[in-house]
Every structure is written in structure tokens, then in C-alpha cells.
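Student: structure of the sequence below:
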Amino acid sequence: MTLQELVNRSASLYSDRKAVWFDECNDKPPTFYTYATVVKLAVELTAFLQKHCDQQGKLEIGLYCYPGIDLPSWILGILQVPAAYSPIDPDAPPMLSAYFMKKSNLQYILVENDKINKFQMSHIGCFCHNSSTIEHIGLTLFQMSLSNTDLNSQVDNMKSKYEPFKATGNLQPGYTICPDQTKAKTSEGGYMDVGQKDSLAYVLHTSGTTGVPKIVRVPHKCIVPNIQHLKSIFEITQDDMLFLASPLTFDPSVVELFLALSSGASILVVPNTIKMMPAELSAALFRRHRVTVLQATPTLLRRFGSHIIRSTVLSANSSLRVLALGGEAFPVLNLLKSWKHKENKTSIFNLYGITEVSSWATCYRVPEEVFSADLRTDFPVPLGSPLLGTKVEVRDTNGSAVLEGEGQIFIGGEERICFLDDEITVPLGTMRETGDFVRVQNAKLFFLGRKDNQIKRHGKRFNIECLQQSVLGLLDDSTRISKEAVFLYSGGDSLKALRFYDEIEMLVGKAVPGLLEVILSRSIEEVYRHILKILFPYEDQLMNYDSVVKRKLSGNSGEDFHGKCIKLKSERGLEVASGLIPFIAVGRGNNFFSMNFTKSFMQAHNTVQVGVEVLQQPSFLHLVTPSIMESHVQGYETENRILTVTNKASKTDCCSVQQIHAECSHVTTAELALGIRWKSNTRKCVDASPLIIVPSKEVSASVYVGSHSHAMQAIDLDLGEIKWEKNLGDRIESSACVSKCGNFIVVGCYDGLVYVLQSSDGEIHWTFVTEDTVKSSAVVDPSSGLVYVGSHDEHVYALDIYKKACIWKLHCEGGAVFSSPCLSSFPHHLYVATLRGLLLAVNPVTGNKIWKSSLGKPLFSSPHCNEKYICVGCVDGNLYCYNHSGEKVWQFSTNGPVFSSPCISSLTKQEVFFGSHDCFIYCCNMEGNLLWKFEATSSVYGTPFVFQSDDLKNKILLAAVSTDGKVWILNAKSGTAEGVDKLPGEVFSSPVVWGTKLVVGCRNDYVYCLDLYITGKKKS
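Tutor: Residues are numbered from 1 along each chain as shown. Next up, the predicted model:
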């Protein structure tokens, strides 16, 4: 029996029933396919593949896609060729995907049509079009190129990463061992052959968290018993609705999909982004689609939060019949009991298994009486009984069976066999080592954990649970946090990450280099692995469990430019995609960029005045020197510029210090009011700061901003209407910048890519692959058009977005680049700050280091500069000031970490503004003297913004936000409060002002535009 036979048998009985639902959880109604439609589309794909693929020997076909309405048809179509399907995650590190494709020798890849650009950019030169696109099925077939040196290069790099492990001679979990560590223990008799025709169902790879990622080839004979037995245990019928909760690269997805499709039931599919949104996901699962069977990891369940679990998932009238939890340690019963309503009828199961013996090995149903009020629930949940065809053994370190006591689990069975890596034949009855330890008590197995999950340090036991408890304390969360959880995804922020970092160093008793970067972008388990690697650098066994899989540059950007002198073409030589668009762009911290405008355009906007940060970017060249100005502003006269404004206020006495407290009395007497003009729902937190672009032609200004929901939005500044929305590969915290020509928006993403989007419609022009998360915001040189951006891979890059090439990359001496680079014109320097506390000055043309200074503590703040100085905030509570030669001029101390970037504005000439976690907004002069400070109601994370408007009595004003959602408008010269408003959520975004409109992101999922107006004079 094969998977496709299970589905076809079901389809013949239930052809008119709905097989698959797809719900995008937006304004569009959900769509569905019947069994007849699924089979029809599958047959068409099968015929196409049979025509275009060489079917000699075993055939494996890659599937590069996101979950959607067509997914069951695509998988069924591949299986019917017959061939094995090999899911490839578009969001996985390109190096890992390349390793998987090469190691498994995939000759054919089916790519979802709207993912073609991403696929080609990630794997340049590796695959070529094999045939025409299958339009109505939504796929394009690619074939491995004959000359795939780029793929080989990526694979070689992946191999070299793991060379130390191969030298140890230690077998890894999943491989067969027995007492003498050399021979496989098998039953007498035959072998299973990977080359046996039509035997394989799918091909996966392990995550690499226990060493080298392993290729796992799964025969139908191995997985079908799982489907059949669980179908019986869960009592699945045609009336059930199951949810595709697992990623396609995680083998429980096979169980979810085929449990439904072999029973005449329905499978619900939602976009990956929705799985990260508890409210939207719960509404889709339990309100709109009434899901009855949910197989999930405890992490996915916890992501709903205790309120939604109690009110919806495990409520008295929940639609859920079956909740099967697996893939991680089972939640403690006390917690489950607190979530489960006493009238709830959901049956809860504990599943256990390993990918190397796909998929589940044991199952245990938690007795209903356990949840009754008068029973204790402080005991562990057993792993349960073996599933059909599965054999489970517990052995001690000598390989002897353990009947009572502790030992390691081994899993196998006569035909429950998968092929790992290059295995061609495997003896029937092979048992696989799991690396998991259990306690055997009264014939029941109780999970203890991984064999590598703890060490002793200074007489104290230190394990991953210690880290989980530290995280819980920092996040004020009463529930557990899984080892797979990412700190920032679980409610952490930069300040809490610092506290976590300090706690760990106290716990282990020494400094842990690189720890902060791992905390900010990796799972709790990977934090633990990093600590082990630092504490025990020479212990092979511990090194054998390094789990950090880094992204590798794809072929278009892998050349090493160090030491080369790069000659850049002049501005006229740039290959610009289309005509130059005259525009003005304004970003956080008075980050101002103006290109290609005419005198008439400038005069038409002469009532709008913003504080230009004169030398933060070379776009300010025309504001300094007439000769240079002429080459960039196309004849616009220096004396006519109106974007720099003479400081009309009298200069504050440097010796006088004012401390203004934000009290209600100041708010009620303020004559400046704020009102919501519009808000735009991004469906997830908005920590990125907005970019406003004002074009010269009769086109409305636009706001560009990204969200944790993966969405990048372009919003009409006046009306609040969404002009376009583009979903990127992961969470967006990077603020966008605009290209020299105005045709493109550049933004970094958590998936390690720098996206270059068309500003007009959001379509992808180019993606550049870095080796890790990109939270840094890019900066553009308007002279050369180059884009500079940092990455958590500890590099800063110079990119030519027109030639789609990396001009140079620079390693920042071991520190992730969280903040944004800063460009100075005179001298022509690029300033970069790192989480290792380094401030670097770099030659923007060659990428060579000019000077560096170590501040000793992490720099989250972006450096900003003027013609004399560079300022940057530090988590040690200081604002540092350097001259362009690298000499420290002064430092100003606050009482809390400084994450806020300094704002230097030409409107206020010699003053710098910034916020601190001590709840104050500061104004200093360029000698480091305090001019005033204003006490907000919570920490100030974002960067202030200086502006001036005729409609606001021409005062020079400062906009700032505190993390409690307060938006403060202060007098920039005196620090007195002119107005305040409160947004309904935390704010880590920085405000940007154009005219009388203030735009800022909020953690309640919205981008807000506030109107600023004089009390009693609100404009329509």
C-alpha cells in the first residue's frame, strides 16, 4: 500500500466532498477543492512530469513552495509518477537547501511560480528551466544544470563547517549502533533496498541540531503503518477537519495531510505568517472552520497564549476532538489542567518519534480522569505504546536492554526503516539510536531529555532548562517556554536580551563571546549550544552538537573583495532601470534624502521644513558646497534651498539646564494637539520605522514600512490607503531606504535577505543573500548609488542594486551589525557600529577599515554624524562623541542603556537629541553639555525627530515616543511639552514627520499617522 493509493481509494468514495480548504485570513473568502478536483489536478501534473523527467532508476523531485490550496494536488501528482517528493523550504538558509539538494542528488525541482525569483536568486546558476510553466497548476520545472559549480561551492562550505565532527569518530543519533559500536543489530534475513522501484514516498533532511544534517529517504512501507494506526486511534472520519500545522520539511506534516486525505476528511491550510498570529489562527481554526483534529508541537499550542487556549482551543464548546502533541517535551499536566475547561471533551495525546524512523513511534492518550479537580497532576506523562510495526527498546551504555531504570531509546521495526544519507541497503529490523534518554518504570517510558542536555559548571548543574527558567523570569510569563522558541519572538526585546546575556555570564562564570547575537536571532536551544561551544572548545562530543546553521552567500555575491581597489563609475555611468524620479525621502532621526528635483519643485514645497542631518548621508553634499551641489541637484541654486532652515530661536545658554517633568498639567495646557488621521493594519507588531517619500509629480506621498507579519506596505500618506503590500520571507524590523533613482525600496529581513522592491508596486527587483538575519537599515550613497547595509552575519556590504552585485563586504571583527550604517561626505567615511561594541570607520569605495574604537559594550544605536563629529549611544548608558579621525571627544552619561540613535539636525545647529531607558529625552550641545532633559513616562527606545512648520507657529519642535505608546511633541529649544498623545500599544518604532503629519509604528499591529494642529484650529 502506498500513500497515493490511500488517497485515491478515499477519493473514489468521497469525490464530491471537500478535500482541502485554504484560508488567507484576510478579506478574501476561503477557497476549497473537492477530492475530484485534487485528483484531476494531480493527474495533469503526473502526466507533465512523466513527459519531462527521466524515470530511469529512483526518481526524486523537489518541491519549492509555501503551503497553499494546490499543495495536496502537487504532492499527489509527484507520488503518482511514481516519484518521491522532497519539500524545500523557501525560507530555509540557502546553504542548507543547497546542501540538501546536492546531497540528495535532486535532478528536478518544481518551483511555485511566484517563488521563481527567490529560488533563482538563492541558487544562481544551479538550475535551469526544463520546460514551460504549468500555468493553471502554478508550478515551473527546473533541472539541475550540468555546470553547477555554485551549488558545489555551497555544499563544500556546508561540509567544511562540519569537518570537526567527522574527525571525532562518534556516531550521531539516528545511526545504528550496538554494544561494540561497529555492527548493526538486525533480525535474521533480508535487506531493504533504496533502489527498489517505486519504494520511496518522500525525502527530508534533519535540522542539523545534533550534528551534520542527515538526508532521510522514507519508503511507503515505513510511513503507511503510521497513517493507518493513528487514523484508528484518533477515529478519523469523513466529517473531520484537520489542520496542516507542521512545515512540509517536518515529517508530521505527512501524517496530518494523509490522515485527512485517506479518510475523506478535509485538511485546512493557512499561510505560514498566520501561524505566528494567535488571534487570526484561532479564529480560522475554531470559528470559521471548526477544526476537529489538531496535531501540533507544544510550541504552537503555547503560541495561542493561555487566554485563547482557555476561551477557544480547550473551551467547553470547542470543536476540537483530538489534540495530539509531539515533537517536543510534553507540557506539564498542571499547566494543561489549568488550560482545559472542566466541560471540555477534547482527547489529548502524547506523540513521540524521530525523523530517522518517520514519523511517530509511540502514542499515549492522557486519561480524562487526570483532569478531574480532585486528582494530583504533578506526575510526568509517559511516552506510550509503540505504533503499528514499530519496535522500541531501551539500552544502557553497554547496549544491554533496560527493563527498569534509565537508558537510551532505540527505534525500528521489521519494515519501519528509512535510508540515511548514502545508505543503499539497510537490514530489515534495524534499530536506530535516538539520542533521547528515558526512565523505565513499571514497563512505562518517561522522557528525561537529550544525552547532551546538561553540564556542570563551578559545581552547579547547568542545562537548557536553566536557560528556559531565566527566560520565563525575564518575560514575566507563567507558562513554559520551549527550547525551540526564539527569545525575541517570545516577548523579549533588546533590553531583556541584555539582561539575559548578563544572567548567563553570571551563571557560567565567564564571558561568552558572540552570545548576544545568538540570543537576538536564534532559539533557546541554540543559545545553549553556543555556550557549550565557548565553554568546551576542545571537547569533540560537545562540538558534535553545534546547531547553528549559518546562511552562505549565493554565487552572485560570494566573491572576496578584500584588498582590491574598486573603481566606481560616475553617476552618469550607472545602469539605472528607468528614468530618475525627482523626490524627497524622510526617515527616522531626520535621515533626509533628496534627489533629482528642480527649482520649481523645491519652491512648491517651501512651507515644509525638516531638520536635515547635514552630513549623515552624502545626499547632503548639495547643502554644503555649491560646486558639489550643482552636480546632484541639476542646477538648483544654493541660495534658494529651503530644506535647511536658519535657526530662528535664540541660542540656549549652554550653562543652563532645565529638567521638565511630563505631568498631566503640561498636557492639558499644551496648545498643540494630536489626532489620528489614519491607521493601517499590518497584522503583526511594527517595530520598523517608516520611510516617507514625496515625489515631485502630481502623485501622493507614500509611507513605506515593514512588519513582524512579513508584510511590507506602501501607504498613501494623505488617505491611509494601502497602495501595495508585499509579503517577504520573514519578519521585518529593518527600516526601508530609497534608491538613488527613486524606483526602488531597499529593506532587510529576518530571512537573511536584503530585498530590493519596485517602489511603484512592491515587485521584487533583486534579493541579496547574507549569512544571517538583517535588522540593519540600509543607507544609499546618492553619488555612486551604492547601498550599504549590515547583517547579523558580522559583515557590512556594499551593493550595486542596478548590476545586482556585491561590490565589497567587510567582516566587522566578530560583531553582528544590528544598527544602520552612517555615511559621511567630508571625509568620505562609512561608520558602522556592532554588538561587540566596536565603532568602525570604513572607506565606502574600497571597504577598507580606516579606524576603529572599542566601547566595550553592545551598540544597538545607529551612529549619526555632522561635519565635525560622530555620535552613538551605548548600552552602558553613555552617548559617545568622536571626531572623524577616530578620537573620542566626549561622553555623556545617562542612568540607563541607550538604544535610541542620536538625532542631529540642521534646524538646531549644534544640538544632539536622544532617548534613554532611564525614561528621559536628552538634548546636549556638541561640547557634551546637557541643555535640557525631559522625563517621559517610560523608556525611550526610538530616535527623536526635529521639525518645523508654518502651520504650527513655526516653532522648532521635537517628536519622540516612549515605549508605553506615548507620543511627545516637545519644544526643541527648551524641552517643554507642547503636546502628547497615547497609542494603544508599545512603541519601539521611531517617529517621522512631514509637514503636520507624524507617522510611527506600534506593537498593536498598526502603523499610525497623526495630524498635528494648534488647539481649536484642526484642519479638515
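
Student: check Glu256 and give its pLDDT.
Tutor: For Glu256, the pLDDT comes out at 97.

Student: double-check it against Ser246; I have them as touching.
Tutor: Yes. Counting by C-beta atoms under 8 Å, Ser246 is a contact partner of Glu256 at 6.1 Å. Yep, even glycine has a C-beta here, placed from its N, CA and C like the rest.

Student: list residues touching both of the two?
Tutor: The contact sets of Glu256 and Ser246 overlap at Gln295 (C-beta atoms under 8 Å, 6 or more residues apart in numbering).

Student: hey, which helix or strand in the chain has the poorest pLDDT?
Tutor: Across the helices and strands of the chain, mean pLDDT, DSSP states H and E gives its lowest value to helix 626-633, namely a mean of 26.

Student: which parts of the stretch 351-500 of the chain are helices?
Tutor: Assigned by DSSP state H, counting those that start in this stretch, the stretch 351-500 of the chain shows helices spanning 464-475, 494-508.

Student: which stretches of the stretch 851-1000 of the chain form helices?
Tutor: Going by DSSP H, counting those that start in this stretch, the stretch 851-1000 of the chain shows no helices.

Student: please name the nearest non-neighbouring residue to the most centrally placed residue in the chain.
Tutor: By C-alpha atoms, centre = their mean, the chain has its centre lying nearest to Tyr750, at 3.5 Å. Among residues not flanking Tyr750 along the chain, Asp730 sits closest, at 3.7 Å (C-beta to C-beta, 6 or more residues apart in numbering).

Student: how many residues are close by that neighbour?
Tutor: 19 (other C-beta atoms under 10 Å).

Student: what do you get for Glu763?
Tutor: 10.

Student: ditto for Glu368
Tutor: With other C-beta under 10 Å as criterion, Glu368 counts 13.

Student: hang on, the residue nearest to the centre of the chain packs against Val774?
Tutor: Yes. Under the criterion of C-beta under 8 Å, Tyr750 makes contact with Val774 at 7.4 Å.

Student: got the phi and psi for Phe22?
Tutor: phi -130, psi 120 (degrees, to the nearest 10).

Student: and the closest residue to it other than its chain neighbours, which of the three is it?
Tutor: Nearest non-adjacent residue to Phe22, counting by C-beta to C-beta, 6+ apart: Ile69, 3.7 Å away. Assigned with DSSP: H, G, I helix; E, B strand; the rest coil, Ile69 falls in the coil class.

Student: the residue nearest to Tyr750 should be in a helix, yeah?
Tutor: No. Assessed by three-state DSSP, Asp730 does not belong to a helix; its assignment is coil.

Student: least reliable of the helices of the stretch 351-500 of the chain by average pLDDT, please.
Tutor: Across these, helix 464-475 gives the lowest mean pLDDT, at a mean of 62.

Student: what pLDDT, on average, does the helix or strand hosting Val218 get?
Tutor: Assigned by DSSP states H and E, Val218 belongs to strand 215-219. Across strand 215-219, the average pLDDT comes to 95.

Student: so which elements touch it?
Tutor: strand 200-205, strand 419-420 (3 or more C-beta pairs under 8 Å, 6 or more residues apart in numbering; DSSP states H and E).

Student: most neighbours per residue, which of those strands?
Tutor: strand 200-205 (a mean of 25; mean count of other C-beta atoms under 10 Å).

Student: which helix or strand contains the closest residue in space to Tyr108 that isn't next to it in sequence?
Tutor: Nearest non-adjacent residue to Tyr108, counting by C-beta to C-beta, 6+ apart: Ile61, 4.8 Å away. Using DSSP H and E, Ile61 sits within strand 60-64.

Student: now do the buried residues in that strand.
Tutor: Glu60, Ile61, Gly62, Leu63, Tyr64 (16 or more other C-beta atoms under 10 Å).

Student: check which element follows that strand along the chain.
Tutor: Sequence-wise, the next helix or strand beyond strand 60-64 is helix 71-79, with elements assigned using DSSP H and E.
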